[in-house]
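Chemist: Based on what follows, work out the 3D shape:
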Amino acid sequence: MKVASHLLKTHLPLHTWCGVVSALFLIVCFLAGALTLFLDDLNRWAAPPPPSVMPAPDARQQAQLLDYMAAHPEITTTFTLHLRTTADAPAPLSWERDGEQFWATRDANGQWRRFSAPLPALGEVLDDLHRTAGIPGAVGGYTMGVVAVLYALALISGTVLLLPRLKRQLFALRPEGGRRRAWLDLHNLLGLTALPFHLVIAITTAVFVFYAPLEQAMRALSPAADTDVAEAAGQGELLPPATLLARAQAFAPALQAERMVFDALDDRAEALVVVLGGTATGGRRLYVALNPYGGALRYRNSGGSFYHAASDAFAALHFGNYGGYPLRWLYFVLALAGAVLFYTGNLLWLGKRARGERRDVRLLAALTVGTSCGAICGMATMLLTARFQPLLPLAAETLAHASYYLPFLAANAYALRRGAGATAALLCVSIALLCAIPATTGLAAVGWLPFVPRLLLPVDATA
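Modeler: So this is what the prediction gives:
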């Protein structure tokens with residue numbers, strides 16, 4: 001396919017600089033994003049199994065639990081009533097406080113049965129890294145929105161550059177042409193074969209970051225989305241869970257309720273109960289929010305409006321949750337390949353300037369090695385220390401942050417000191433840390449760690 005020469009001249013610097021500027025951020029986000037596809041599974045792997053699974057509550061027990069928690073706001077004002085009990089939700093009632101998660105129920109004699117465990121922080125920290133590349137606060141989120149736009153421009157301009165030689169170079173891997181030629185062929189192959197995936201990720205990321213103004217625009221285009229929201233002044237008595245559940249299912253007949261999240265029961269006007277569930281198709285999780293005092297509708301995501309449909313579509317496409325585990329594993333492989341795509345892009349830029357002594361070239365070379373290997377070392381260390389957390393006198397969140405940022409910063413400091421020559425040493429450290437993850441299973445088996453993890457084979461084999 002022929003492309004005008006002036007277009008190629010325009011798109012080459014666009015592709016180069018958009019790619020170089022965004023690559024380091026995207027490497028971290030894609031590595032963390034690959035793991036966030038399995039957040040619940042990783043939290044389950046890192047946390048000790050519950051001592052027992054208590055029976056699911058009947059309607060009478062649900063009402064008793066709700067009345068008790070409403071009468072004792074000093075315990076907590078936010079709690080969850082689980083309609084089904086499983087190994088992940090081992091008791092009908094749960095709440096969080098002071099870095100711990102509490103599980104409780106009341107038996108037939110009215111006695112409390114309760115236990116607690118440290119809140120798993122592994123998934124939360126990985127999700128933060130995925131959304132912000134480790135940049136704290138709202139600045140990180142908006143930075144990634146800008147990066148997503150640059151990422152999309154790099155994808156489009158790179159495709160334009162390849163169009164003239166697409167037919168003969170798409171699947172060409174030519175190691176005989178030297179190391180730079182091999183990196184270029186790999187970069188082109190990874191970028192073009194996964195182009196739809198990368199465009200989806202770039203577009204949906206930008207939408208998530210700039211969600212607020214888009215939300216207002218969508219609601220303006222779809223007034224039905226606003227008619228779902230009622231002025232719930234909190235009139236009436238606190239309704240029993242069975243009644244609230246029936247009202248939620250009346251608003252969303254497809255709702256298969258799994259749990260009810262209550263908040264601010266001590267304030268009638270602000271009180272809220274969110275009935276959460278899932279549907280059998282599309283991996284879409286439905287919810288309906290009511291005021292528990294009187295049952296007035298607050299909001300829902302099942303109104304059938306353009307706004308709801310667009311929101312669900314963006315989330316499903318970005319996280320791959322509409323295809324179950326097979327699609328998540330495909331996204332996992334594509335995310336890791338994406339990190340390699342960005343890494344090779346920087347290598348190609350550096351390769352053209354390898355003979356120079358420019359400070360910016362040396363700096364980017366060091367940061368490329370330090371960021372890539374540092375992110376791998378940090379995430380591997382975070383997984384390792386999560387297994388030792390019950391033995392350490394640190395809060396789970398503090399330990400998770402320290403476990404990531406200390407190796408990440410150390411790797412970058414070493415790379416800045418040694419330059420690109422730090423690659424071999426940092427790769428060896430990364431491999432050693434990854435191999436140590438399945439070794440913790442052996443430590444648990446001989447009693448040196450407090451429990452043998454659930455989901456043993458998938459996590460150990462992937463590491």
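Chemist: Going by C-alpha atoms from here, please, whenever you check contacts or count neighbours.
Modeler: Will do.
Chemist: rounded to a whole number, what's the mean pLDDT of the host helix or strand of residue 101?
Modeler: Counting by DSSP states H and E, the secondary-structure element that holds residue 101 is strand 100-106. Per-residue pLDDT over strand 100-106 has a mean of 84.
Chemist: Based on its surroundings, how many neighbours for residue 54?
Modeler: 20 (other Cα atoms under 10 Å).
Chemist: and stretch 148-157, how far from the chain's centre?
Modeler: Centre-to-centre, stretch 148-157 and its host chain are 22 Å apart (Cα atoms, centre = their mean, to the nearest Å).
Chemist: Likewise for stretch 17-31?
Modeler: Per Cα atoms, centre = their mean, the centroid offset for stretch 17-31 relative to its chain is 17 Å.
Chemist: Next, the buried residues of it.
Modeler: Within stretch 17-31, the residues that count as buried by 16 or more other Cα atoms under 10 Å are 18-20, 22-31.
Chemist: Quick check: the two most widely separated of those residues?
Modeler: 18 and 31 (19.7 Å; Cα to Cα).
Chemist: Which parts of the stretch 201-350 of the chain are helices?
Modeler: Secondary structure of the stretch 201-350 of the chain (DSSP state H, counting those that start in this stretch): helices at 211-221, 224-227, 241-251, 306-319, 324-351.
Chemist: can you check the stretch 51-200 of the chain too?
Modeler: Using DSSP H, counting those that start in this stretch, the helices found in the stretch 51-200 of the chain span residues 59-71, 122-132, 137-162, 166-169, 179-193, 195-209.
Chemist: related to what we said a few turns ago, inside strands: which ones of the buried residues of stretch 17-31?
Modeler: When the buried residues of stretch 17-31 are checked against strands (DSSP state E), there are no matches.
Chemist: burial of residue 395, as a residue count?
Modeler: Burial of residue 395 is recorded as 17 neighbouring residues (other Cα under 10 Å).
Chemist: er, residue 13 I mean
Modeler: Residue 13 is flanked by 13 other residues according to other Cα under 10 Å.
Chemist: in stretch 254-273, what counts as buried?
Modeler: Within stretch 254-273, the residues that qualify as buried by neighbour count (16+ other Cα under 10 Å) are 255-257, 259-265, 268-269, 271-273.
Chemist: End to end on that stretch, go ahead and measure it.
Modeler: Across stretch 254-273, the terminal residues are separated by 18 Å (Cα to Cα, to the nearest Å).
Chemist: which residues are contacting it?
Modeler: Stretch 254-273 is contacted by residues 70, 73, 77-84, 232-235, 245, 248-249, 274-279, 286-287, 289-293 when judged by Cα atoms under 8 Å, 6 or more residues apart in numbering.
Chemist: Report the distance from the helix or strand hosting residue 429 to the chain centre.
Modeler: Counting by DSSP H and E, the element that carries residue 429 is helix 423-445. Centroid separation for helix 423-445 versus its chain: 23 Å, with Cα atoms, centre = their mean.
Chemist: tell me which strands and helices it is in contact with?
Modeler: Packing contacts for helix 423-445, counted by 3 or more Cα pairs under 8 Å, 6 or more residues apart in numbering; DSSP states H and E, involve helix 359-388, helix 456-462.
Chemist: Least confident of these, on average?
Modeler: Summarising mean pLDDT across those, the least confident stretch is helix 456-462, with a mean of 57.
Chemist: Tell me, how many residues neighbour residue 327?
Modeler: When counting by other Cα under 10 Å, one arrives at 15 neighbours for residue 327.
Chemist: so where's the stretch 301-450 of the chain uncertain?
Modeler: 302-309, 354-357, 442-450 (pLDDT under 70).
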